[in-house]
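> My questions are about this predicted structure, shown below with the sequence.
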Amino acid sequence: MLIFATIAATYQTGQASALQITTRSLTLVAGASDGGSKIGGVVNHLFTFTPGTSGQTIGSIQFLYCTTASVTACTTPSGLVTTSATLFSQSGATGFTLVNTTNGAPYITRTASAITGTPALSYQLNTITNPTVTAQTFYVRITIFTAASLGGTATDTGSVAAATTNQIILTGTMPESLIFCAGATVSTTSGIPDCTTATSGAVSFNQLFSPTDTATATSQMAASTNATNGYVITVNGVTLTSGSNTIPAMTSATTGVRGTGQFGMNLKLNTTATSTPAVGTEVAATPNGTDLRGQAFTGYNTADTFKFVSGDPVAKSDNTVAGPTNAQIFTASYIVNVAGNQASGTYTTTLTYICTATY
């Protein structure tokens, strides 16, 4: 939408007895709902100008709307309405009231008094209906009178030009959106989680499995959606397996116990009570219940407590209430504890995270 348009003009009025008004312009200012240069829009007209005669007496100023700038007969632009105009502001020479009874020829009037020097004058007339002819240039002939109500002598004069035009109406559509990715790491770009930075999903544990220590690993995922009811992320897969040998999954949320077969995960920053160094990171950015709603789900949302059940929800965008959310990065922390008789071998699992949005 075009909000305003300003065009200054330097048209001579041809009145030999009058001095030229200088530095003059008409700015089409946006109205309550219409852009300033909208064809037929109800807008505001701001006049600024400087008198040519220093110290003159001013009693009234006329704004005569015409289709031409010359002093020949004035034809009011088609569709122009000034009879609803109001005087919104005045400066430089004040004390005026508006007379708008004649369409296309409003004027402001006061008890005549002299100005000091040649001050910059400014008057804004509100709720004027622009001409309705497409892309029309129209002119306003400004004339200063020495007495009230267009009486006395016409002194300084000058014309300004303005133009109406088509508005630019931009239209765009935001579709249903779900951005989700998982990998060993997901980074940010300009502080925003960026799925184009997601690395391979191949992740190795930090050490060999041992009945005397806890092995750890991490992966990351990022999600955002505009879904009204937000998203749910589930983990899907099987426990770590080597041939026919497996490491028992932690089917209920519990702490790690060294020397006991355990495979589990959470989405929290854990402590050295689980491992050294501590594994994991809190969701980033921190959920705030408004534009950041993603958080770890029950069973996976307590530090140093781990669980793994295929199909479980591990995260939801339901902080405060389920709903849309900007992007956040979750860090999944995995632990493995093994019993002393755990069979040797290379243990692997393929986990698939699924993010489901409900619109």
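Perfect, thanks for sending it. Everything quoted here is computed from the prediction, not taken from an experiment.

> Break down the stretch 101-250 of the chain into its helices, ranges please.
Here the stretch 101-250 of the chain has no helices by DSSP state H, counting those that start in this stretch.

> Quick check: which element contains residue 64?
strand 57-66 (DSSP states H and E).

> what comes up buried for that strand?
Residues 57, 58, 59, 60, 61, 62, 63, 64, 65, 66 are the ones in strand 57-66 that count as buried (16 or more other C-beta atoms under 10 Å). All C-beta atoms are positioned from the backbone trio N, CA, C, and that covers glycine.

> And the nearest residue to residue 236 once chain neighbours are set aside, its phi and psi?
Once flanking residues are discounted, residue 236 sits nearest to residue 352: 4.6 Å by C-beta to C-beta, 6 or more residues apart in numbering. The phi/psi pair for residue 352 (degrees, to the nearest 10) reads phi -120, psi 120.

> wait, doesn't residue 352 sit right on residue 238?
No - between residue 352 and residue 238 there is no contact under C-beta atoms under 8 Å: 10.7 Å.

> Please say which of those two ends up with more neighbours.
A direct count of neighbours by other C-beta atoms under 10 Å for residue 352 and residue 238 places residue 238 higher, at 14 against 11.

> low pLDDT regions in the chain?
Applying pLDDT under 70 to the chain flags residues 1-18.

> Who are the contact partners of the residue nearest to residue 236?
By C-beta atoms under 8 Å, 6 or more residues apart in numbering, the contact set of residue 352 is 235, 236, 237.

> ok, now residue 320?
Here residue 320 is in contact with 289, 290, 293 (C-beta under 8 Å, 6+ apart).

> how close does the residue lying closest to the second one once chain neighbours are set aside get to residue 107?
Using C-beta to C-beta, 6+ apart and skipping the chain neighbours, the partner closest in space to residue 290 is residue 320 (7.7 Å). Distance from residue 320 to residue 107, counting by C-beta to C-beta, to the nearest Å: 60 Å.

> What of residue 231?
Between residue 231 and residue 107 the distance is 64 Å, computed by C-beta to C-beta.

> Who has more neighbours out of the two?
Taking other C-beta under 10 Å, residue 231 and residue 107 do not tie; residue 231 has more neighbours (26 against 22).

> just checking, that one touches residue 222?
No - in this structure, residue 231 is not within contact of residue 222 by C-beta under 8 Å, at 11.5 Å.

> Overlap in contacts, those two.
Common neighbours of residue 231 and residue 222 (C-beta under 8 Å, 6+ apart) are residue 180.

> Enumerate every residue touching residue 185.
Residue 185 touches 197, 198, 199, 219, 220, counting by C-beta under 8 Å, 6+ apart.

> The residue lying closest to the first one once chain neighbours are set aside and residue 181, how far apart?
Taking C-beta to C-beta, 6+ apart, and ignoring the residues beside it in sequence, residue 197 has residue 187 as its nearest neighbour in space, at 3.9 Å. Note on residue 187: its distance to residue 181, by C-beta to C-beta, is 11 Å.

> More neighbours: these two, which one.
Set residue 187 next to residue 181 and count neighbours by other C-beta under 10 Å: residue 181 wins out with 20 against 15.

> who touches the spatially closest residue to the more buried one that is not a sequence neighbour in this structure?
Closest residue to residue 181 apart from its sequence neighbours, by C-beta to C-beta, 6+ apart: residue 195 at 3.6 Å. Neighbour list for residue 195: 179, 180, 181, 186, 222 [criterion: C-beta under 8 Å, 6+ apart].

> Okay, the third one and residue 231: tell me how far apart.
The spacing between residue 181 and residue 231, counted by C-beta to C-beta, is 13 Å.

> picking up where we left off before, within the sheet, what are the partner strands of the strand holding residue 64, with directions?
strand 107-114 (antiparallel), strand 137-145 (antiparallel) (DSSP bridges).

> Now do the residue nearest to residue 290 against residue 230, distance only.
11 Å.

> got the contact list for residue 52?
Taking C-beta under 8 Å, 6+ apart as the test, what residue 52 contacts is 18, 19, 20, 21, 22, 118, 156.

> tally of neighbours for residue 97?
Using other C-beta under 10 Å: residue 97 sits among 12 other residues.

> Touching, it and residue 109? I think so.
Yes - the criterion here is C-beta under 8 Å, and residue 97 meets it with residue 109 at 6.2 Å.

> how about the strands in the stretch 201-350 of the chain?
Assigned by DSSP state E, counting those that start in this stretch, the strands in the stretch 201-350 of the chain fall at 215-225, 231-236, 241-242, 245-246, 262-266, 294-296, 313-317, 325-337.

> a markdown table for the ones you listed, including distance to residue 135?
As requested, the strands of the stretch 201-350 of the chain are exported to a markdown table (distance: least, C-beta to C-beta, whole Å):
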| stretch | distance to residue 135 |
| --- | --- |
| strand 215-225 | 44 |
| strand 231-236 | 49 |
| strand 241-242 | 74 |
| strand 245-246 | 77 |
| strand 262-266 | 65 |
| strand 294-296 | 51 |
| strand 313-317 | 49 |
| strand 325-337 | 43 |
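
> That'll do, ta.
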